[in-house]
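> Predicted model follows, preceded by the sequence.
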Amino acid sequence: MKSFDLVSTSPEQTIEIGRELGKQFKGAEIIGIYGPLGSGKTHLIKGIAAGAGAKSAAIVNSPTFVIINEYKGKFDIYHIDAYRLNTTDEFEALGFDDYCYPHSVVLIEWADKIDSALQSVDYIRIELSHAGQNLRKIHIANLPLHIKCRHLIG
């Protein structure tokens, strides 16, 4: 596993970083996405979903009220928004384990809300933070060795 740091200068670049990351997935990836409001989490997820083969990345949005969105394509892509969850038990009650299988990619937005549930899982951790009006720092940890970091920067 390896770690990598990037800086995005626009929402479009954040989407493109996600797209390049998603293209390299093989299935069975779990991605915890951390960051404050407006840091680019949903833009990154749009890109990851597109790169991982979602048939229509344009429909990717934050599933705040439904909690889980599913996108079909090369993989079964599950986008979980943990923002409205209050406990790890609520997260586990969603049937998280049922979404984790060899032909799926699981994206967890607001992963900080359920961080303790992820401690026993091998997952990619992506942290986004504000670095200026349009700049975002992106730290990626636990990146599998088959994913090439140089492809993430356009």
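Here it is on my side, so go on. Numbering: from 1, shown residues only.

> How is the residue nearest to Gly73 when sequence neighbours are not counted assigned, secondary-structure-wise?
Nearest residue to Gly73 in three dimensions, chain neighbours excluded: Gly53, at 3.4 Å (C-beta to C-beta, 6 or more residues apart in numbering). Every residue, glycine included, has its C-beta placed from N, CA and C. Classification of Gly53 using DSSP: H, G, I helix; E, B strand; the rest coil returns coil.

> Quick check: Gly53 touching Ser104?
No: assessed by C-beta atoms under 8 Å, Gly53 is found out of contact with Ser104, at 11.7 Å.

> Quick check: neighbours shared by these two?
Phe75, Ile77 (C-beta atoms under 8 Å, 6 or more residues apart in numbering).

> Enumerate the beta-bridge partners assigned to the nearest residue to Glu29 once chain neighbours are set aside.
In space, and not counting its chain neighbours, Glu29 is closest to Val105: 5.1 Å by C-beta to C-beta, 6+ apart. Under DSSP bridges, the beta-bridge partners of Val105 are Glu29, Ile77.

> Val105 is in contact with Ile48, isn't it?
Yes: counting by C-beta under 8 Å, Ile48 is a contact partner of Val105 at 7.5 Å.
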